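K.L.:
this one's sequence-less:
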């Protein structure tokens, strides 16, 4: 993932993962202040891991039973935990105005110390799909990666055609 010099955003470094919430959410802790912050990976969506309003919506849209979606959600969650274990050092980058979702979570790209973008990797590996509810400069790239993952039956696409 590349960023343009004229892009508005905010880069924050010296963070460690303190919790992996699900396939598209983590908590990070500032190395210096110890303050925790919840991050929603920008531009991606992974299946839910428990019954909620979003799961009901996903059932209607995918025509898959909630129990299967929850199983897929746990696979996605496990994949993210393997990519980014607790205490892993990360940096985050937010874009422009939409840096918080309605739940107060920071919408951001999350980068590992080797420069791997977790958002991109989750889609590339087939454990998340592009999400366009919030503005994301990488959406077109994520859509291409998702097509490739689906055609090659990577990750969750090994079990289902869509999620």
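P.N.:
Arrived safely, thanks for sending. Worth saying up front: this structure is predicted, and the values here are computed from it rather than measured.
K.L.:
wait, is residue 119 part of a strand?
P.N.:
No: secondary structure of residue 119 (DSSP: H, G, I helix; E, B strand; the rest coil): helix, not part of a strand.
K.L.:
I'd like to know the average pLDDT value across stretch 55-63.
P.N.:
Confidence over stretch 55-63 (mean pLDDT, whole number) is 95.
K.L.:
Which residues outside the lengthiest strand in the chain are in contact with it?
P.N.:
Looking across the chain with DSSP state E, the single longest strand is strand 9-22. Under the contact criterion Cβ atoms under 8 Å, 6 or more residues apart in numbering, strand 9-22 has outside partners 3, 26-32, 36, 38, 46, 48-49, 73, 76-77, 80-81, 84-96, 99. C-betas here are computed from N, CA, C, even on glycine.
K.L.:
Given the following helix or strand past that strand, what are its sheet partners and their directions?
P.N.:
Downstream of strand 9-22, the first helix or strand assigned by DSSP states H and E is strand 25-30. Here strand 25-30 is paired, per DSSP bridges, with strand 9-22 (antiparallel), strand 36-41 (antiparallel).
K.L.:
Mind putting these into a markdown table with distance to residue 54 and mean neighbour count?
P.N.:
What follows is these, written out as a markdown table (distance: least, Cβ to Cβ, whole Å; neighbours: other Cβ atoms under 10 Å):
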| stretch | distance to residue 54 | mean neighbour count |
| --- | --- | --- |
| strand 9-22 | 11 | 16 |
| strand 36-41 | 12 | 20 |
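K.L.:
Tell me which of these sits nearest to residue 161.
P.N.:
Closest approach to residue 161 among the strands paired with strand 25-30 (Cβ to Cβ): strand 9-22, 21.9 Å.
K.L.:
before we move on, back to that, could I get the strands paired with strand 25-30 in JSON lines, plus columns for distance to residue 60 and mean pLDDT?
P.N.:
Compiled in JSON lines, the strands paired with strand 25-30 are given as follows (distance: least, Cβ to Cβ, whole Å; pLDDT from 0 to 100):
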{"stretch": "strand 9-22", "distance to residue 60": "20", "mean pLDDT": "96"}
{"stretch": "strand 36-41", "distance to residue 60": "22", "mean pLDDT": "98"}
